[in-house]
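Novice: mind folding the following:
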Amino acid sequence: MNALPTLSATEITTDRLRLRKARDADIDGLIELQTDPRVRAHLGGPRPRGLVERYFDADGIRAIADKPGTYVIADRETDRFIGTLVLGRRSADLPGHVTGEGGELELTYLLRHGSWGAGLATEAATAALRAAAAELPDQPVLVVTQTANERSLALATRLGFRRVSTFTSHDAEQTLAVATLHAFTSPNDAHQPTG
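Specialist: All right, here's what the predicted structure looks like:
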């Protein structure tokens with residue numbers, strides 16, 4: 001397991017969102033993300049509901065809540081589950097790296113289908129990247145997505161990631177995009193990490 005540091009904040013807030021650790025009340029939303037064919041269209045398709053339910057029955061929320069850099073995206077006012085965001089380390093065993101040793105920071109996110117198109121993924125990703133830029137040394141950050149996932153590639157571009165290569169994984173062409181972490185440093189940052 002890679003021992004490189006990740007974002008340590010337990011909560012990050014924005015004008016509309018709260019990025020926080022997962023709670024038991026989030027399990028229904030987490031199951032929905034894994035079983036919704038629209039959300040999983042570029043992630044190998046929906047997972048069988050029974051399999052996902054058994055996973056949470058066996059491991060509970062701890063398997064997600066205890067992972068560094070893993071957040072639930074929730075509405076700031078209502079705490080309604082919107083999706084997930086992970087700013088973790090890309091395993092050296094996986095294809096798609098910009099350093100020889102791997103282990104770069106990697107941004108991933110999933111939002112409920114009903115939350116698409118409102119700029120929430122952009123807001124959540126920007127907040128997490130700004131919090132990480134304030135805490136961690138400058139380094140590359142990766143986004144890896146299926147090339148066919150035009151929405152995700154457009155979001156990466158809006159965030160400032162640039163496409164650097166493609167490769168085949170999971171029987172589909174993947175695009176690797178990169179940005180430097182400190183490109184997200186903002187002296188007027190209104191996003192507040194806590195914890």
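
Novice: please count neighbours and contacts with C-alpha atoms only from this point.
Specialist: Will do.

Novice: and the strands in the chain?
Specialist: Shown for the chain, the strands assigned by DSSP state E span residues 11-13, 17-20, 70-75, 81-89, 105-111, 140-146, 162-169, 172-180, 192-194.

Novice: now these in CSV, with mean neighbour count, distance to residue 60 and mean pLDDT?
Specialist: Compiled in CSV, those are given as follows (neighbours: other C-alpha atoms under 10 Å; distance: least, C-alpha to C-alpha, whole Å; pLDDT from 0 to 100):
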stretch, mean neighbour count, distance to residue 60, mean pLDDT
strand 11-13, 20, 20, 97
strand 17-20, 26, 17, 98
strand 70-75, 26, 15, 97
strand 81-89, 23, 16, 97
strand 105-111, 21, 19, 97
strand 140-146, 23, 28, 97
strand 162-169, 14, 29, 96
strand 172-180, 20, 31, 97
strand 192-194, 17, 25, 48
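
Novice: I'd like the ones you listed laid out as a markdown table, including distance to residue 61.
Specialist: Shown next, in a markdown table, are those (distance: least, C-alpha to C-alpha, whole Å):
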| stretch | distance to residue 61 |
| --- | --- |
| strand 11-13 | 17 |
| strand 17-20 | 13 |
| strand 70-75 | 11 |
| strand 81-89 | 13 |
| strand 105-111 | 17 |
| strand 140-146 | 25 |
| strand 162-169 | 28 |
| strand 172-180 | 30 |
| strand 192-194 | 21 |
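
Novice: and the closest residue to residue 61 other than its chain neighbours, how many neighbours?
Specialist: Once flanking residues are discounted, residue 61 sits nearest to residue 24: 5.8 Å by C-alpha to C-alpha, 6 or more residues apart in numbering. By the measure other C-alpha atoms under 10 Å, the count of residues near residue 24 is 12.

Novice: surely residue 24 is in contact with residue 59?
Specialist: No. With contact defined as C-alpha atoms under 8 Å, residue 24 does not reach residue 59; the gap is 11.1 Å.

Novice: residue 41: neighbour count?
Specialist: So residue 41, with other C-alpha under 10 Å, has 13 neighbours.

Novice: do the one 3 residues further on as well
Specialist: Each residue near residue 44 was counted by other C-alpha under 10 Å, and the total is 12.
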